[in-house]
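Undergrad: Pasted the sequence and its predicted model underneath.
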Amino acid sequence: MKDDIDADNEGDSWWWLVNKGIAPSFLCIAVFAILVRVAVSLHPYSGAGTPPMFGDYEAQRHWMEITLNLPAKDWYRNTTTNDLSYWGLDYPPLTAYQSYVHALFLRYFDPDSVSLFTSRGHESHLGKLLMRWTVLSSDALIFFPSVLYFIWVYYTRWPSGHKSDIARHIAIVLLNPCLILIDHGHFQYNSISLGLTVGAVAAILAQKELVASVLFSLALNHKQMSAYYAPAFFSHLLGKCLRRKNPLLEVSKLGLVVLATFAVVWWPYLNSTDAILGVLSRLAPFERGIYEDYVANFWCTTSVLIKWKRLFTTQSLRLISSTATVLTCLPSMVQQVLDPSYKGFLYGLLNSSFSFYLFSFQVHEKSILLPLLPASLLAMDFPRPFGWFTDYALFSMFPLLCRDQLILPYMALYALFILLRHPPGGRIDATKTHGSATLLTILIGFLYLCSYTFHIIYLTAHPPEKYPFLFEAIIMLLCFSYFISFTLYSNAKQWTSSKCIKSTYKEKKFL
């Protein structure tokens, strides 16, 4: 499989995609994906009608209120006009700027929805419509174009003879049920940081590394969880720089671009050390603990037997979790430093983000969106494992989505995604076995049976009074079991993929 392309052929490759009908396919799928998002947005959201704190919807609205009515220097400070105990801003400055822009939009049509103090808990019909529109427009303006850019570069580098495969890949990324349910149901703006990340990944594949550095820096400055991908970007770019004539110069160029991007975004806070530290202190909510709710990662799952929060202080847990995270993503990083490749980089993104999800400090159920993104970019490489992963990622968020009263869109998107992966009359995946049931297939089948069973149990039965969160714990255990298996599989794929493409990886491209 070819791992490099000539820059001179990029224009021809674009016309190849157009001639293959990919542009019309993308447009049709994008329109359908927008309609699906609109349909999901008609359902409830996080914290709907539940005072005094409401939920994530109110958090996003409150940030618009704060950024619109207060100077930038007070956005992250606890003052008489900004009570940080009430949904204080805890994302980097780019999120604050995004909130400000959206607040201008809301103020124009519905000033009451972003007025200082009096708008708390604002849930008017117009206000909700405008808030939903901000999420939809963010998706359409950032995530969708980034996906198109990625598809163009990806299938230029690795041409596919099947138009249906490309269209299916587009649909898999744009119709991912987890992202749609969280952003357009639960209510968040993950599509912005994830879209910037997809754009950075596409720029890497297109050999535009300075552009990729800017885009990924912007992703980091929108949501700090984008750091889940940082080891993969760092190790891949370092590995490439080390193979060039002047490695120090190449590293310096990338470093200067990153610093310049951060300086522009952080400009209002660069006037003093206290201002910088004030923002940074808001970005690391250690007081929340090592995990939230029943997230299917290592610390929460093993806490059934080992009471981590009782045995260790928060500071000790920060050190232990950081060490575990670094150790688990180190093999993936080493592989890319020693033998950088584009497919290896995509697998590195998956493995790095999984290391953070499974072992880092302060992980939420929604964090599964981060490893799910690179998995969807690689979906055509391992369709069956990816499908299983998506199902369990969705299942891991089932209790959260039930609390948000999103059961109907959950079931509808689940069914839609199954049809997308297994279209009537579609080609059989190459990963299927030839009539012999392997041990893995039996195990996955058992896990699926358990997950379907617990969907029904969770909705129809009540847990014992002594163990009120028993069902959540079982769901967490099932999902964690698959996530660990998938992590081992994807790490192995990264190393074996590197060996397969090593003979076609032309070092002269990095000169």
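TA: Looks like it arrived, so ask away. Numbers count the residues shown, from 1 in each chain.
Undergrad: now F395: how far from Y291?
TA: F395 is 18 Å from Y291, where distance means C-beta to C-beta, to the nearest Å. (C-beta placed from N, C-alpha, C; glycine too.)
Undergrad: If you could redo that for L196, that was the one I meant.
TA: 26 Å.
Undergrad: secondary structure element for the residue nearest in space to the middle of the chain?
TA: Central residue check for the chain by C-alpha atoms, centre = their mean: the C-alpha nearest the mean position is that of L370, 2.9 Å away. Using DSSP states H and E, the secondary-structure element containing L370 is helix 369-377.
Undergrad: Can you name the element that comes right after that helix?
TA: That would be, after helix 369-377 and using DSSP H and E, helix 383-396.
Undergrad: Flag every buried residue along the biggest helix by length in the chain.
TA: The longest helix of the chain (DSSP state H) is helix 470-501. For helix 470-501, the neighbour count (16 or more other C-beta atoms under 10 Å) marks 471-476, 478-487, 490-491, 493-494, 497-498, 501 as buried.
Undergrad: Same check on stretch 145-165?
TA: Buried residues in stretch 145-165 (16+ other C-beta under 10 Å): 146-158.
Undergrad: Give me the distance from stretch 250-261 to the chain's centre.
TA: 24 Å (C-alpha atoms, centre = their mean, to the nearest Å).
Undergrad: repeat for stretch 172-189
TA: 10 Å.
Undergrad: One more: stretch 58-77?
TA: 24 Å.
Undergrad: what does stretch 179-193 give?
TA: 10 Å.
Undergrad: What's the end-to-end length of that stretch?
TA: Stretch 179-193 has an end-to-end distance of 12 Å (C-alpha to C-alpha, to the nearest Å).
Undergrad: now do stretch 278-291
TA: 23 Å.
Undergrad: Return the set of buried residues in that stretch.
TA: For stretch 278-291, a neighbour-count test (16+ other C-beta under 10 Å) marks 278-279, 282, 290-291 as buried.
Undergrad: Go through the residues you listed and say which is closest to P268.
TA: Lowest distance from P268 to the buried residues of stretch 278-291 (C-beta to C-beta) belongs to V279, with 9.4 Å.
Undergrad: got the contact list for the closest one?
TA: Contact analysis of V279 by C-beta atoms under 8 Å, 6 or more residues apart in numbering lists 76, 92-93, 266, 269.
Undergrad: can you check E365 too?
TA: Residues near E365 by C-beta under 8 Å, 6+ apart: 292-296, 396-397, 399-400.
Undergrad: and those as CSV, adding distance to Q335, secondary structure and pLDDT?
TA: Listed next are the contacts of E365 as CSV, based on distance: C-beta to C-beta, whole Å; DSSP: H, G, I helix; E, B strand; the rest coil; pLDDT from 0 to 100:
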residue, distance to Q335, secondary structure, pLDDT
E292, 32, coil, 79
D293, 33, coil, 80
Y294, 33, coil, 87
V295, 28, coil, 92
A296, 26, coil, 93
S396, 27, helix, 94
M397, 30, coil, 95
P399, 36, helix, 93
L400, 34, helix, 94
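Undergrad: For V251, grab the count of nearby residues.
TA: A count of neighbours around V251, defined by other C-beta atoms under 10 Å, yields 15.
Undergrad: show me where pLDDT drops low in the stretch 51-200 of the chain?
TA: Residue ranges of the stretch 51-200 of the chain with pLDDT under 70: 160-161.
Undergrad: buried sites along stretch 108-119?
TA: For stretch 108-119, the neighbour count (16+ other C-beta under 10 Å) marks 110, 113-114, 119 as buried.
Undergrad: Only alpha carbons, please: show it as PDB.
TA: Only the C-alpha atoms of stretch 108-119 are listed here, as PDB (Å, rounded to 0.1, in the frame of the first residue of the first chain):
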ATOM      1  CA  TYR A 108     -28.900  40.000  18.600                       C
ATOM      2  CA  PHE A 109     -31.900  37.700  18.500                       C
ATOM      3  CA  ASP A 110     -32.700  37.100  22.200                       C
ATOM      4  CA  PRO A 111     -30.800  39.500  24.600                       C
ATOM      5  CA  ASP A 112     -32.500  38.000  27.700                       C
ATOM      6  CA  SER A 113     -30.700  34.700  27.100                       C
ATOM      7  CA  VAL A 114     -27.300  36.100  27.800                       C
ATOM      8  CA  SER A 115     -28.000  39.000  30.200                       C
ATOM      9  CA  LEU A 116     -25.700  39.100  33.300                       C
ATOM     10  CA  PHE A 117     -27.200  37.400  36.400                       C
ATOM     11  CA  THR A 118     -30.800  37.400  35.200                       C
ATOM     12  CA  SER A 119     -30.300  34.800  32.500                       C
END
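Undergrad: From the chain's centroid, how far away is that stretch?
TA: Centre-to-centre, stretch 108-119 and its host chain are 31 Å apart (C-alpha atoms, centre = their mean).
Undergrad: and what of stretch 352-371?
TA: With C-alpha atoms, centre = their mean, you get 9 Å for stretch 352-371.
Undergrad: Just the endpoints, please. Distance across it?
TA: By C-alpha to C-alpha, the extent of stretch 352-371 from end to end equals 8 Å.
Undergrad: cool, stretch 464-475 as well?
TA: Span of stretch 464-475 from end to end, C-alpha to C-alpha: 16 Å.
Undergrad: Need the mean per-residue confidence for it.
TA: Here stretch 464-475 scores 89 as its mean pLDDT.
Undergrad: quick one: contacts of that stretch?
TA: 293-294, 296, 304, 395-396, 398-399, 451, 454, 457-458, 461, 463.
Undergrad: From the residues you listed, list the buried ones, please.
TA: Neighbour-count burial (16+ other C-beta under 10 Å) applied to these gives 294, 296, 395-396, 398-399, 451, 454, 458.
Undergrad: Sort out which residues of the helix or strand that contains L449 are buried, please.
TA: Assigned by DSSP H and E, L449 belongs to helix 439-460. By 16+ other C-beta under 10 Å, the buried positions in helix 439-460 come out as 444, 447-448, 450-451, 454-455, 458.
Undergrad: which of the contacts of E365 lies closest to L141?
TA: M397 (25.5 Å).
Undergrad: Could you count how many residues lie near the closest one?
TA: Around M397 there are 27 residues (other C-beta under 10 Å).
Undergrad: same thing with S252?
TA: Residues near S252, counting by other C-beta under 10 Å, number 12.
Undergrad: and it, how far is that from Q207?
TA: Distance, S252 to Q207, using C-beta to C-beta: 18 Å.
Undergrad: Could you do I180 as well?
TA: Plainly put, I180 is 32 Å away from Q207 if you go by C-beta to C-beta.
Undergrad: And F469, by the same measure?
TA: Counting by C-beta to C-beta - F469 and Q207 are separated by 49 Å.
Undergrad: for T261, same thing?
TA: On the measure of C-beta to C-beta, T261 and Q207 end up 19 Å apart.
Undergrad: F386 now?
TA: To Q207, F386 is 26 Å away according to C-beta to C-beta.
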